[in-house]
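**Student:** Please work out how this folds:
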Amino acid sequence: MIAADPDNTMVMFGLAKEYEKEGRLGDVIRVLEDYLAKADDEGNAYGTLATAYEKTGNREKAIETYRKGIDVSLAHGHPSMANEYKMTLDLDYGE
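**Tutor:** Numbers count the residues shown, from 1 in each chain. As a prediction, the model looks like this:
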């Protein structure tokens, strides 16, 4: 499906989630970075991307992505998601 319509953001997000299940973190990062450049995500993709960065040892990118996810989540009216990301930063990163 992605080959037929490479700009279909819904398919891109689904593909990233499948890669996540398979532990293909490099592919998760690649697809979600592309997805976020094209889609108006409401916050969920930022958490998935931050987790992938974290698991690959890229702590700074994980922190940056969680922070962006907080801003986007709040802008889209998802305070509980923003709070989840804030708690992750506080507990896992001492922010």
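
**Student:** who touches residue 28 in this structure?
**Tutor:** 16, 19-20, 48-49, 52 (C-beta atoms under 8 Å, 6 or more residues apart in numbering). Placement of C-beta: from N, CA and C, glycine included.

**Student:** now with 10 Å?
**Tutor:** By C-beta atoms under 10 Å, 6 or more residues apart in numbering, residue 28 lies in contact with 15-22, 45, 48-49, 51-53, 55-56.

**Student:** neighbours of the nearest residue to residue 41 once chain neighbours are set aside, just the number please.
**Tutor:** Distances taken as C-beta to C-beta, 6 or more residues apart in numbering place residue 72 nearest to residue 41, at 6.5 Å, with adjacent residues excluded. With neighbours defined by other C-beta atoms under 10 Å, the count for residue 72 comes to 21.

**Student:** ditto for residue 17
**Tutor:** Residue 17, neighbours per other C-beta under 10 Å, totals 16.

**Student:** mind listing what it touches?
**Tutor:** 28, 31-32, 44-45, 48.

**Student:** can you check residue 52 too?
**Tutor:** Taking C-beta under 10 Å, 6+ apart as the definition, contacts of residue 52 comprise 16, 19-20, 23-33, 58, 61-62, 65.

**Student:** Ok, residue 16 next?
**Tutor:** 24, 27-35, 45, 48-49, 52.

**Student:** Repeat that for residue 86.
**Tutor:** 66-67, 69-70, 73, 79, 95.

**Student:** And the pLDDT for residue 93?
**Tutor:** Note for residue 93: predicted pLDDT of 88.

**Student:** which SSE is the closest residue in space to it that isn't next to it in sequence in?
**Tutor:** Nearest residue to residue 93 in three dimensions, chain neighbours excluded: residue 63, at 5.7 Å (C-beta to C-beta, 6+ apart). Using DSSP states H and E, residue 63 sits in helix 59-75.
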